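1. curious how this folds, go ahead:
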Amino acid sequence: MRRHGLRFPCPSRADGRPLSIAHRGASAHAAENTLEAFRVAAGLGADMWEIDVHLTRDGVAVISHDPALGHTVGVDARIEALDLADLRALAPDMPTLDETIALASKLGQALYVEVKARGAGAVTIRRLMAAGFQSAVLGSFMIDEVRDLVDAVCPFPVSVLVPLGMDPFALAAQTGADIIHLCWERGGERPQDLVTQVLLQQARELDLGIVLWHEARRAVLDELIDMPVLGICTNNPEMMARLDPLRALGIQTVFHRGANRFAPENTVSAGRLAFELGADYLELDVRQSADGALVVIHDATVDRTTNGTGRVADMTLSELRALDAGSWFSRFHSGEKLPTLREMIALCQSYGRQMYIEIKAADPVNVIALVEEMGFLADCFFWSHDTEILRNVRAVSHNARIRSTATDYPTLDILKAHLGPAIVEFHPDDFCQRAAECRALGMTPMLQYFGEDPEIFRQILLLRPPMLNLDRADLLLAACAGGKLAGDSHGNAIRDAG
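-> Next comes the predicted model:
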């Protein structure tokens, strides 16, 4: 940092990688600059939230990108012209800075504050200090505001936001900022090429930190992550907080109904998010419509996860597709559709990933026919609560991979002889005792844990199961970030979990 001896230094990661700065929260998955967007960002592995601060007429700092309410609530009114009480009546989901600071403190997140209104920087400093909050950066496009922060000896690092085409070093010299924030996302298909070695070296020589624009293009982001910068903004923090390190430990992850904590279960959104987080397998549930279509939904009725009512088996595909399968989860996901199995297989194939198909109520002949038509048989495995369905899967296809449950059989020998499964699911207490025997019989043990105990997730990493079927991807991310990924192969918490 240019201003040496800052009272509160810039936040950083222990592993030296750039900070994942969630742009207006996880704004690809929740309404931007809301407490929900910030909660989702934390769950998706963000280190820091980028927030925009305006001032109400009565001087309260609130979080909003725009100075007016037209974009968020469709009201023609400016924040600066409203007292907080009036603003809350019009935009109840708009948080105050104090509320955001409190949530960041609770969730262990840092704050990257873009000052949007003159004078909001000084108010932000006072509120941060009053809350005892130390992990923050303040910045702005407004040159005078940045200069005022530096002249006031802001105890937090100060950044100047640099539009495309502007000289970042000239702006740094003009303002005295500690950080140049390069807002160059519109710099063509390869904006990363604008961050040259010459630029990086000059920043080092001037003791300037670098923060990069909000990015959601996988190819671009993969190159940015390797750069020696402080942080990268993104609407999709999951793209920086992936589970890829688990593969080095031989652990394949199975996401139950997709990333169902962050998107409506069994939807394309939940599947896509699971893969962006690094899931190896997408688990989903298949039922058959009245006209024989294979649709993805867990329940026998549409009542819980759509805006409709009735049994799936009594409705045609057209009727099912007319339903809203997202608004029950959040307003942000309103309009999400029930997907077909064909669509979800295509999604898996686009990512080069695999699928765990639970057949709830569908003809196995139709399921296997579709899977084979799409060339997907080797990339999926099957299970059903209905043993007759599984027997029919095996009768239809000798090559289909089947999953069995260890607790359904007195011995693993009997289990293997029944359907010749490729994968055997164990609950935590059984895994420690029987996984080795399962491997010796030529079957892959899969540990299933749908609980929420962070300590058990840490112990699971020590066990290194070859497959892990989980419901809480956020807790697995937290375990990966907060604990060692190698160590003793025994876990008391696992053995006590049953």
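2. what's the pLDDT at the closest residue to D76 other than its chain neighbours?
-> Using Cβ to Cβ, 6 or more residues apart in numbering and skipping the chain neighbours, the partner closest in space to D76 is G70 (6.0 Å). Any C-beta I mention is one placed from the backbone N, CA and C, and that applies to glycine too. Reported pLDDT at G70 in the predicted model: 92.
3. quick check, D52 in a helix?
-> No - counting by DSSP: H, G, I helix; E, B strand; the rest coil, D52 is not found in a helix; it is strand.
4. if I look at the residue lying closest to it once chain neighbours are set aside, how far off is R13?
-> Closest residue to D52 in three dimensions, ignoring its sequence neighbours and counting by Cβ to Cβ, 6+ apart: H65, at 4.5 Å. Distance, H65 to R13, using Cβ to Cβ, to the nearest Å: 26 Å.
5. neighbour count winner among these two?
-> Neighbour tally, H65 and R13, criterion other Cβ atoms under 10 Å: the higher count belongs to H65, 17 against 14.
6. and that one, what does it touch?
-> 24, 32-33, 52, 71, 116 (Cβ atoms under 8 Å, 6 or more residues apart in numbering).
7. now these as JSON lines including secondary structure?
-> Below are the contacts of H65 laid out as JSON lines (three-state DSSP):
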{"residue": "R24", "secondary structure": "coil"}
{"residue": "E32", "secondary structure": "coil"}
{"residue": "N33", "secondary structure": "coil"}
{"residue": "D52", "secondary structure": "strand"}
{"residue": "H71", "secondary structure": "helix"}
{"residue": "K116", "secondary structure": "coil"}
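8. let me know the closest of those residues to G59.
-> Using Cβ to Cβ, K116 is the member of the contacts of H65 that lies nearest G59, at 14.6 Å.
9. report how many residues lie close to the closest one.
-> 22.
10. repeat for V396
-> If we define neighbours as other Cβ under 10 Å, then V396 has 16 of them.
11. follow-up on the earlier one: the residue nearest to D52 and D413, how far apart?
-> 62 Å.
12. list the buried ones in the helix of greatest length in the chain?
-> Ordering each helix of the chain by length in residues (DSSP state H) puts helix 428-440 first. For helix 428-440, burial by neighbour count (16 or more other Cβ atoms under 10 Å) applies to 428, 430-432, 434-435, 438.
13. got the contact list for the closest residue to E437 other than its chain neighbours?
-> Of all residues not flanking E437 in the chain, L412 sits nearest, at 5.6 Å (Cβ to Cβ, 6+ apart). By Cβ under 8 Å, 6+ apart, the contact list for L412 reads 406, 424, 434, 437-438, 441, 443.
14. what of L477?
-> Counting by Cβ under 8 Å, 6+ apart, L477 touches 43-45, 241, 243, 277.
15. can you tell me which of the residues you listed are buried?
-> 43-45, 241, 243, 277.
16. now for the residues you listed: which two are most distant?
-> Spatially, the most separated pair among the buried ones among the contacts of L477 is G43 and L243, at 13.4 Å (Cβ to Cβ).
17. can you list the domains in this protein?
-> 19-239, 256-370, 400-498 (automatic domain parsing).
18. would you reformat those domains as CSV and include distance to N392?
-> CSV is the format used below for the domains of the chain (distance: least, Cβ to Cβ, whole Å):
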stretch, distance to N392
domain 19-239, 37
domain 256-370, 4
domain 400-498, 10
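19. nearest to R247 among these would be which one?
-> Nearest of the domains of the chain (Cβ to Cβ): domain 256-370, 7.6 Å.
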